[in-house]
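**Student:** Any chance you can model this:
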Amino acid sequence: MIRKNRILCKVLLLAALLAGNLQVQADEVEQLLDEFNQSVSVKTANRFMLLIQQEGLYDDTVSFSDSAPADTMQQQVWYWAAEHFYDQQQYQLAVDYARKAMPLFHVDAERADCLSLISISYTRLGDYQQAAEFAKQCHEMDLKSGDADRISSSLNTLASIYLYANQPQEAEKYVMRGVEMGRETGNSARLAVLLGKAAEVYHAMGNDAEALRYVDEAHAIDRDAGREGKAAIRLAQKAAVLIGMKRYKDAEQVLAEIIPTFRKLDNRQSLGIACNKMGTTLLAQQREAEAVRFFTEAADIFHTLGDPYNEVQARRGLYETLWKSNPDEAKRQLDRFNSLKDSIYSNTSAESLARYNAEFGNDWLQLEAHKQRTAKWQAINIGVVIAVALLALAFCVWLVMRRRNRRQVAINQQLSAHLEELREQYRQLNTYYDNAMTTAKEREKQQEMCQADREFLEKAINTVNEQIYAGQVDAVGVAAELGMSLFQFRQRISAVTGETPQSFIQMLRMRRACHLLDNHPELNINEVALCCAYNDTPNFTRAFKKVFGMTPTQYQTRQKEPLSNEMTT
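**Tutor:** Down below sits the predicted model:
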């Protein structure tokens, strides 16, 4: 019963307006509520529900039987009383009745509607802490339901709260997710609301070009659907964007068109907002006397409605328009402005919103889970295509890797003979020292080396070369192969050669690199790097240049003169 289409039923409300009996009907609603609250009766409940239907708040016919439980009648009467007072822009009464009705609902969907109504009413009252608390409960229930239309509605509520609390960056993520889901559901009325909210958010962020795009789309949806009141609201949002773009004449023209519409529909909330905007555009054109009238009307409306968020804007406008012509009145408006501003943006509210925002952030995971569930059918349809694409990709990768592996095997086979030759050369210790130790002092050390040191050095050289050939070499691996700890290996190699393990290994890798570059011009630099246990060609190039002062490419193109006596370790 609670889920309804209020937009379609506004025709009945307009008819009541044209008949001139709206105020009489509103008074009768309040009288019936008083009677019902004093004594729950079927007759009073049915009369009340008939009046609510005539207001256009829903399009169902509700009639309680004589056997209807009292709590069922209270549930419906109090909820629809809250809807009635919200529509009448009496937000505190809307909150009071909705909170009375909420404990009587046991279905999540209906409880979520009640929570949403309480949240948006608190938002209108400027109590963002309470608004966020009830909006969170509503959002959790909507996520649980998996209903995309309901989720988009609660996302719009969340965006409104953060927008009114002067946090448009936080509002953006909620409203844009809502727009995305609104497009999926196909609910044009909901989508128009979300697009309008997106325009307000981007306007607050200073991105008026983006705001104009969204509000034009929203207005076109409501206009084409014949929703006169909603279309006028979208134009009011557009006027705000035009003001932000300093297109004051265009904004004035739009506002002049819609203000009579709001008066005709008795939409005081929207009328006050439009008056605020008209005052702003007139003030920007230095037409202060005209602006005062609109700001005054807006301030009176929002003070009556108890809407501090919009009243504070009207008070500020009055201060700016009156400070030259009537300084005393301007001062009074400024005092009222400061008082309202402090009440809206209190530290308590800011801290509460920050806390709720962190909690809402966790809800994105649940929302993503919902999106995955609703998109399951799409995954089934495109699963085969994705599988085929992945198989094709895997096959291409396999071909590339196979070709690369074959090439690497061929290179290794070509180099195997040369590797054996190098091993034999390295086994000849005297030959190694003739090539590796370039100073007279090092040659003298070679002659003085004992047999045990020679054997250790030969074994170390062979181990390093074997690991280079295997494609992975480091000091830890060499030490382990020699049956030593890294500390023992470092001490021993330093004692024998005066080098660290890293420089000792580096010297042998560079020797091999020079040999390959000198004797195998068919190899490219990447292949030489791989043969020297470098998987990354840039690292090989940097290491080579650090040792020889030139890149491998420069080395290849130099005059063919060995660098044995140029290398330093």
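**Student:** Please identify the buried residues of stretch 177-185?
**Tutor:** Of the residues in stretch 177-185, 177-179, 181-182, 185 count as buried by neighbour count, 16 or more other C-beta atoms under 10 Å. (Glycine included, C-beta is placed from N, CA and C.)
**Student:** pLDDT weak spots in the stretch 351-500 of the chain?
**Tutor:** Judged by pLDDT under 70, the stretch 351-500 of the chain has its weakly predicted residues at 351-381, 383-384, 404-405, 407-449.
**Student:** The chain too?
**Tutor:** Along the chain, the model assigns pLDDT under 70 to residues 1-25, 56-61, 343-381, 383-384, 404-405, 407-449, 559-569.
**Student:** mind listing the strands for it?
**Tutor:** With strands called from DSSP state E, the chain shows none.
**Student:** From residue 246, how far out is residue 274?
**Tutor:** Distance of residue 274 to residue 246, computed by C-beta to C-beta, to the nearest Å: 19 Å.
**Student:** Out of those two, name the residue with the larger neighbour count.
**Tutor:** Summary of the neighbour comparison: residue 274 and residue 246, criterion other C-beta atoms under 10 Å, with residue 274 having more neighbours (30 against 11).
**Student:** Would you mind measuring from the more buried one to residue 233?
**Tutor:** Note on residue 274: its distance to residue 233, by C-beta to C-beta, is 9 Å.
**Student:** what do you get for residue 136?
**Tutor:** From residue 136 to residue 233 the distance is 26 Å (C-beta to C-beta).
**Student:** So if I had to pick from these two, which one is more boxed in?
**Tutor:** Taking neighbours as other C-beta under 10 Å, residue 136 and residue 233 compare with residue 233 leading, 25 against 20.
**Student:** Tell me if I'm right that that one and residue 197 touch.
**Tutor:** No: if you go by C-beta atoms under 8 Å, residue 233 and residue 197 don't touch, sitting 10.9 Å apart.
**Student:** I'd like the domain boundaries of this protein, if you could list them.
**Tutor:** Split into domains by automatic domain parsing, the chain comes to 1-106, 109-226, 413-557.
**Student:** rewinding a little: any shared contact partners between residue 233 and residue 197?
**Tutor:** Common neighbours of residue 233 and residue 197 (criterion: C-beta atoms under 8 Å, 6 or more residues apart in numbering): none identified.
**Student:** Would you confirm that residue 231 contacts residue 223?
**Tutor:** Yes: with contacts counted by C-beta under 8 Å, residue 231 reaches residue 223, the gap being 4.6 Å.
**Student:** Name the residues of stretch 537-556 that are buried.
**Tutor:** Residues of stretch 537-556 classed as buried under the neighbour-count rule (16+ other C-beta under 10 Å) are 537, 540-541, 543-544, 547-548, 552, 555-556.
**Student:** where's that stretch relative to the chain centroid, distance-wise?
**Tutor:** Offset of stretch 537-556 from its chain centre (C-alpha atoms, centre = their mean, to the nearest Å): 46 Å.
**Student:** do stretch 213-220 as well
**Tutor:** 23 Å.
**Student:** Likewise for stretch 321-337?
**Tutor:** Distance, centroid of stretch 321-337 to centroid of chain: 42 Å (C-alpha atoms, centre = their mean).
**Student:** got it, and stretch 308-318?
**Tutor:** 32 Å.
**Student:** contact partners of it?
**Tutor:** The contact list for stretch 308-318, computed with C-beta under 8 Å, 6+ apart, reads 124-126, 164, 269, 272-273, 275-276, 279-280, 283, 291-292, 295-296, 298-299, 302-303, 329-330, 333-334, 336-337, 340-341, 343-344.
**Student:** give me that answer again for 6 Å
**Tutor:** With contacts defined as C-beta atoms under 6 Å, 6 or more residues apart in numbering, stretch 308-318 is touched by 126, 164, 272, 276, 279, 295, 298-299, 302-303, 333, 336-337, 340-341, 344.
**Student:** Could you do stretch 155-166 as well?
**Tutor:** With contacts defined as C-beta under 6 Å, 6+ apart, stretch 155-166 is touched by 116, 119-120, 123, 128, 131-132, 135, 170-171, 174-175, 177-178, 194, 197, 201, 309, 353.
**Student:** do the same with stretch 485-501
**Tutor:** Residues from elsewhere that reach stretch 485-501 (C-beta under 6 Å, 6+ apart): 453, 457, 475-476, 479, 504, 569.
**Student:** Which of those residues sits closest to residue 212?
**Tutor:** The nearest member of those to residue 212, counting by C-beta to C-beta, is residue 476 at 64.7 Å.
**Student:** From residue 489, how far out is the closest one?
**Tutor:** Distance, residue 476 to residue 489, by C-beta to C-beta: 9 Å.
**Student:** list residues touching both of the two?
**Tutor:** Counting by C-beta under 6 Å, 6+ apart, residue 476 and residue 489 have no common neighbour.
**Student:** The two: who's more crowded?
**Tutor:** Shown here are residue 476 and residue 489; by other C-beta under 10 Å, residue 489 has more neighbours (22 against 11).
**Student:** Against residue 463, how distant is the more buried one?
**Tutor:** Residue 489 is 10 Å from residue 463, where distance means C-beta to C-beta.
**Student:** now swap in residue 271 and tell me
**Tutor:** Taking C-beta to C-beta, one finds residue 271 at 90 Å from residue 463.
**Student:** ok, the two, which is more surrounded?
**Tutor:** Using other C-beta under 10 Å, the more surrounded residue of residue 271 and residue 463 is residue 271, with 23 against 18.
**Student:** The more buried one contacts residue 261, correct?
**Tutor:** No: using C-beta atoms under 6 Å, residue 271 is not in contact with residue 261, being 9.1 Å away.
**Student:** Residue 44: how many residues sit nearby?
**Tutor:** Residue 44 has 21 neighbours, counted by other C-beta under 10 Å.
**Student:** Who wins on neighbours among the contacts of stretch 485-501?
**Tutor:** Neighbour counts for those, by other C-beta under 10 Å, peak at residue 504, which reaches 24 neighbours.
**Student:** give me every residue that touches it.
**Tutor:** By C-beta under 6 Å, 6+ apart, the neighbours of residue 504 are residue 493.
**Student:** ok, 8 Å please
**Tutor:** By C-beta under 8 Å, 6+ apart, the neighbours of residue 504 are 460, 464, 493, 497, 569.
**Student:** From residue 262, how far out is the nearest residue to residue 272 once chain neighbours are set aside?
**Tutor:** Sequence neighbours aside, residue 301 is the residue nearest to residue 272 in space, at 3.6 Å (criterion: C-beta to C-beta, 6 or more residues apart in numbering). Using C-beta to C-beta, we find residue 301 at a distance of 10 Å from residue 262.
**Student:** Now the common contact residues for the two.
**Tutor:** 268, 271.
**Student:** Name the residue in residue 231 and residue 223 with the higher neighbour count.
**Tutor:** Legend: neighbour count by other C-beta under 10 Å for residue 231 and residue 223, higher for residue 231 (21 against 16).
**Student:** I'd like the distance between the closest residue to residue 525 other than its chain neighbours and residue 95.
**Tutor:** Among residues not flanking residue 525 along the chain, residue 552 sits closest, at 5.0 Å (C-beta to C-beta, 6+ apart). According to C-beta to C-beta, residue 552 and residue 95 sit 78 Å apart.
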